[in-house]
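Visitor: return a 3D structure for these sequence lines:
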Amino acid sequence: MLAIIESLVGALLMVILELFLNIVVYGILYNIVRLISASMKAAGDTVESLADAAKTPKTQPLIITLLIVGGILVALAISFTFPKRVFNFGSITGISLLITPLLLGMFTSFIGRWEKSHNKAPSFMATFLGGAIFGLAAAGTRLIFIVQSQ
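Guide: Below is the predicted model:
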């Protein structure tokens, strides 16, 4: 009985750690994009907010690329640290492809709503779609890594 509890607590801690690492790296990327955008705003002639800069067709592909690359790098770091599956449901593979984008999308959506309520202009990264793209890249890379290592 104690072994079952230990394995469940260990798996739960790994899930929490993985989500925490995803959120920390996402926060770092978010602040980097905010800093770059703020410096471009200060250096440029135009006066546009971060939200306007993030929504323009010129910068949105760059932000999406940054989210995908960031998700892949986070997944590789987590995969090298924890190379085994957190939950092994037998033949069910890829459940994290649903869970991770959903949880990160909800988290980033919450951050965007919080920024709006504090009169800040949230960027594309502070939307559900921004978090879901990052989470999907991370979950997909982790799934590929785990399947290849088996």
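
Visitor: now for whichever helix in the chain runs longest, which elements pack on it?
Guide: Longest helix in the chain by number of residues (criterion: DSSP state H): helix 2-43. Helices and strands touching helix 2-43, by 3 or more Cβ pairs under 8 Å, 6 or more residues apart in numbering; DSSP states H and E, are helix 50-55, helix 60-81, helix 96-117, helix 128-149. Using the backbone N, CA and C atoms, a C-beta is placed for each residue, glycine as well.

Visitor: how far off helix 128-149 does it point, in degrees?
Guide: Interaxial angle of helix 2-43 relative to helix 128-149 (axes from the mean of the first three to the mean of the last three Cα atoms, to 10 degrees): 130 degrees.

Visitor: pLDDT averaged over helix 2-43 - what is it?
Guide: On average, the pLDDT along helix 2-43 is 73.

Visitor: how far is that helix from where the chain is centred?
Guide: In terms of Cα atoms, centre = their mean, to the nearest Å, the centre of helix 2-43 is found 7 Å from the chain centre.
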